[in-house]
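Trainee: any chance you can model this:
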Amino acid sequence: MVIKVFLASSSGSTAIKKKQQDVLGFLEALKVDYAPLDIACNEDNRMWMRENVPVEKKPTNGIPLPPQIFNEESYCGDYETFFDAKEDNAVYAFLGLPPPPGSKKAPVKEEEAQEEVDDEEAKGEDDQPVSEEEEELRQLEEEEEEVTEESEQEEEDE
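Mentor: Next up is the predicted model:
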């Protein structure tokens, strides 16, 4: 599988140039096979890219800007979705590629399950989430009650 990155070699926008460099540099660092396809010099590339970006992913003017990323014929996303995947350490999933052998797989399901348990434990009597501060205050109040009860018990014993 080859990742296709549609870019513009002669873009006048520095923002587009930086985004293209970011995508290509990151793919090179990961040693992902990719093919840079220039839409500025090749009308076929430009037309193919425009026709294959899903309608819901196109900007309001209808013309998607580079870089646009595909896995063969399958649309992966634009720079923003690539950047989000990069931030989430999910670039291989974004590209539709299996992670390389020996890579650490993120235990997403376990983390989500643990967060749910933590959320359940952090609920008060009315099933509303309790903040850490509220939890600390509750514990302090319980400790005060215990100390007060112990003091009263000692007074009664005397």
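
Trainee: what is the neighbour count of Leu37?
Mentor: 20 (other C-beta atoms under 10 Å). Where C-beta positions appear, they are placed from N, C-alpha and C, glycine not excepted.

Trainee: and what of Gln21?
Mentor: Count around Gln21 with other C-beta under 10 Å applied: 12.

Trainee: how much space separates it from Thr14?
Mentor: Distance of Gln21 to Thr14, computed by C-beta to C-beta, to the nearest Å: 10 Å.

Trainee: so Ile39 sits against Leu65, correct?
Mentor: No: in this structure, Ile39 is not within contact of Leu65 by C-beta atoms under 8 Å, at 9.6 Å.

Trainee: so where do the helices sit in this structure?
Mentor: Listed in chain order, the helices of the chain (DSSP state H) span 14-29, 43-52, 79-87, 91-95, 108-121, 132-157.

Trainee: least confident of those, on average?
Mentor: Of all the helices of the chain, the minimum mean pLDDT falls on helix 108-121 (a mean of 50).

Trainee: what's near enough to touch Asp78?
Mentor: Val53, Lys57, Pro64, Leu65, Pro67, Gln68, Ile69 (C-beta atoms under 8 Å, 6 or more residues apart in numbering).

Trainee: need the residues you listed in CSV with neighbour count, can you?
Mentor: Output for these, formatted as CSV (neighbours: other C-beta atoms under 10 Å):
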residue, neighbour count
Val53, 21
Lys57, 12
Pro64, 19
Leu65, 21
Pro67, 24
Gln68, 24
Ile69, 24
